[in-house]
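Novice: From the sequence below, what's the structure:
(one chain, ligands or ions: 1)
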Amino acid sequence: MTVAKKPMAEANRISSMLNLVLGPQRFPVKVDEVAQEYSRQCFRDSPIDKIQGEHLDDFDGMLKSNKSRSKWLIVYNDGVMAAGRKRFTIAHEFGHYLLHRHQRDTFECGDGDIGTGDNNGRDIEAEADLFASTLLMPLDDFRHQIEGQQISFDLLGHCADRYGVSLTAAALRCLEVLTKRAVLVASRDDHMLWAKSNTAALKSGAYFPTRKNTIELPRQALAHSDNGRDAGNQQTGRAQEWFPREPASMQVTEMTRRAGQYDYILTLLLMPDAEWSDSQHDDEVDEDTFDRFARNG
Ligand SMILES: [Zn+2]
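Specialist: Now for the predicted structure:
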């Protein structure tokens, strides 16, 4: 199993069990119960003993063990956290527990670590995020929610409600389901905070290197303060305004919505397939999840 497959395989294994026990109408995932119950059953000598809210100054979430590593504790910041963010944070820490607990006994995860598009690398934060989104928003169910429908922030809002996550988390997950090229951009004051491209967009070179560079929004962008008074709209324009390498005839559909408790703007860019690249759909459902569950269970 490759490193990247592991977070998905772990989450899919738990999803298969939940499907068996609870059936398909089981959302949102009760992640605190699942984390405790699952760890007690599978890792009896070092379970997640407690999940609690605390006032944390510098972190959104934390996973730590007692001295003998016989018990683990998940703490989430109960300060200003919305319910969706809290759920994602607990799932993220549960991911560290399953995937990384043998490496350390304390994980402290900040605002920038959890559930943003900024974890493009294959580090443990990206893995914990991937585990969390796979567990909370299984791909097959997500696909079913958006199948045959026009992509819009209203539709993504429906998904966010169904899974009990933030709009940003649902929009990031949607990128992975879409086979056409899609890029999600978060911006504030006309500059990108982060941007994430799906596989098809990435392969065609449609991405923004926001970690290395300060990138300003194109002047014509709906989210630009020159135009963005009525963010929430949609427009179709020339892809070249966003991606200079695109052919002149290529069009991009752009939609925006305020998010993150209103301190940034999300822009979703949708484009047809590039003419020169085959879009390859990378299906992440682990086909032998059920077999392995049956074997282990
Ligand atoms: Zn983390």
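Novice: Residue in this structure with the shortest distance to the ion?
Specialist: Here the residue of the chain nearest the ion is residue 109; by Cβ to the ion that distance is 3.2 Å. For glycine as for every other residue, the C-beta is placed from the backbone atoms N, C-alpha and C.
Novice: next one: phi and psi at the nearest residue to that residue once chain neighbours are set aside?
Specialist: Distances taken as Cβ to Cβ, 6 or more residues apart in numbering place residue 61 nearest to residue 109, at 4.8 Å, with adjacent residues excluded. Dihedral pair for residue 61: phi -160, psi 160, per degrees, to the nearest 10.
Novice: doesn't residue 190 make contact with residue 225?
Specialist: Yes - the pair residue 225 / residue 190 is scored as a contact, 5.5 Å apart, by Cβ atoms under 8 Å.
Novice: higher neighbour count, those two?
Specialist: Looking at residue 225 and residue 190 with other Cβ atoms under 10 Å, you find the greater number of neighbours at residue 190, namely 16 against 13.
Novice: ok, the residue nearest to residue 48 when sequence neighbours are not counted - contacts?
Specialist: When the adjacent residues along the chain are set aside, residue 48 lies closest to residue 39, with 4.3 Å between them (Cβ to Cβ, 6+ apart). By Cβ atoms under 8 Å, 6 or more residues apart in numbering, the contact list for residue 39 reads 46, 47, 48, 72, 97.
Novice: if we go to 10 Å?
Specialist: Residues near residue 39 by Cβ atoms under 10 Å, 6 or more residues apart in numbering: 46, 47, 48, 49, 71, 72, 74, 94, 97, 98, 101.
Novice: Tell me where the stretch 1-150 of the chain has helices.
Specialist: 5-22, 31-42, 83-100, 124-136, 139-146 (DSSP state H, counting those that start in this stretch).
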